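Novice: sharing a model that was predicted from the sequence below.
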Protein chains: 2
Amino acid sequence: MFSKACEYGVKATIFIAIKSFENKRVSPKEISKEINSPQAFTAKILQALVRHNIIDSVKGAYGGFKIEKAKISTIKLSEIVKAIDGDGIYKGCGLGLKQCDQDHPCPVHDKFVRVRDELNYMLESTTLEELALNIKSGTSFLKV
Amino acid sequence: MFSKACEYGVKATIFIAIKSFENKRVSPKEISKEINSPQAFTAKILQALVRHNIIDSVKGAYGGFKIEKAKISTIKLSEIVKAIDGDGIYKGCGLGLKQCDQDHPCPVHDKFVRVRDELNYMLESTTLEELALNIKSGTSFLKV
DNA sequence: TGCAAATAGGATAAAATTATCCTAACTAAA
DNA sequence: TTTAGTTAGGATAATTTTATCCTATTTGCA
């Protein structure tokens, strides 16, 4: 469904959010340990998230990644996914046709609408804050 | 969502079904032309579908691929997808956790349930016959 | 029986994704 | 100002997915 990069990106962002609640910055090392991901690869994904203004980075000693507290409740899951995997999962045809719409549908076009709508709703209605709070309270988990 | 191989596999199976209605066998060449896919790669996928007993192959001169007419209405879209992509799309965790269930959920586990259920319902309730008839009647399309 | 036409399948290549390594650039603190 | 610790980013490698090529095997028909 999502790429590995996207999975890591979502989990990393959640972890950064949790630490940001406590005004702490985190390193790729800490993050990859916490979400069980390859460190250097995770660092690349963090770069992309910085470029998309989803997380902030502070270079140099005592640096690290963070998210402005006030911003955490405004970030939607969809933004993170789009930043890494693009919008193909929303817009692309289920069978890979270049052109696929009501006028020229692929065989599963109509059937697929509900799946895509459900996915879209879920990604748009879920906030980073919500995900982070559930991890913090032990309701959900980032690894194993 | 689905792999390229799976997209080709679904489209190829639909085309074979249409031709099988007319008691005609088809070659990978004909198929790949009709669904706009690479021929040799498509042939590999057809082999897999044969091994999974979804389509039949007849070797030698005047051979080709076909599906028993009576079988066409019994084949579900889910069977084709499972044969090629496996059942990860049903069962796997949305964020790639090895273990992810009600007792130990990933951050999006609950949110994801409805998406997965919708996908599952769609794949289980759609038959090959239905897809083939829509192509035949010009209601949907296999390429461009 | 021999030929032509078809699928089966192994070997290989190309492309995309995932992952690692190394150095440059930056920054707070001593 | 130097140093240590940190992110940025280019280069490269490994793996997986996608795609191609070639030959073996099979089969209907002349």
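Specialist: In hand now; what should we look at? Note that the structure is a prediction, hence the values are computed from the model and not measured.

Novice: give me the phi and psi angles of A:I80.
Specialist: The phi and psi values for A:I80, taken as degrees, to the nearest 10, are phi -70, psi -50.

Novice: please report the distance of it from B:H109.
Specialist: 17 Å (Cβ to Cβ, to the nearest Å). For every residue, glycine as well, the C-beta is placed using N, CA and C.

Novice: same drill for these two, tell me which one is more crowded.
Specialist: For the pair A:I80 and B:H109, the greater number of neighbours falls to A:I80 (26 against 21), based on other Cβ atoms under 10 Å in any protein chain shown.

Novice: just checking, that one touches A:K11?
Specialist: No - counting by Cβ atoms under 8 Å, A:I80 does not reach A:K11; the two are 9.9 Å apart.

Novice: and stretch A:2-18, average pLDDT?
Specialist: For stretch A:2-18, the mean pLDDT works out to 98.

Novice: quick one: is the helix or strand of chain A at the bottom of the mean pLDDT ranking near DNA strand D?
Specialist: Scoring the helices and strands of chain A by mean pLDDT, DSSP states H and E places helix A:88-91 at the bottom, with a mean of 90. No - Helix A:88-91 lies out of reach of DNA strand D by Cβ under 7 Å from any atom of the strand, never closer than 12.7 Å.

Novice: what's the next helix or strand after that helix in contact with?
Specialist: Using DSSP states H and E, the next helix or strand after helix A:88-91 towards the C-terminus is helix A:109-125. Applying Cβ atoms under 8 Å, 6 or more residues apart in numbering or on different chains, the external contacts of helix A:109-125 come out as A:76-78, A:81, A:89-90, A:93-94, A:100-102, B:108, B:111-112, B:114-115, B:118-119, B:122, B:126, B:140.

Novice: and those residues, which are buried?
Specialist: A:77-78, A:81, A:89-90, A:93-94, A:100, B:108, B:111-112, B:115, B:118-119, B:122, B:126, B:140 (16 or more other Cβ atoms under 10 Å in any protein chain shown).

Novice: quick one: is the least confident helix or strand of chain A near chain B?
Specialist: Yes - using Cβ under 8 Å from any Cβ of the partner chain, helix A:88-91 reaches chain B at A:I89.

Novice: what's the separation between the residue in chain A sticking out farthest from the centre and A:H109?
Specialist: Most distant from the centre of chain A: A:D103, at 32.8 Å, with distances by Cα atoms, centre = their mean. According to Cβ to Cβ, A:D103 and A:H109 sit 10 Å apart.
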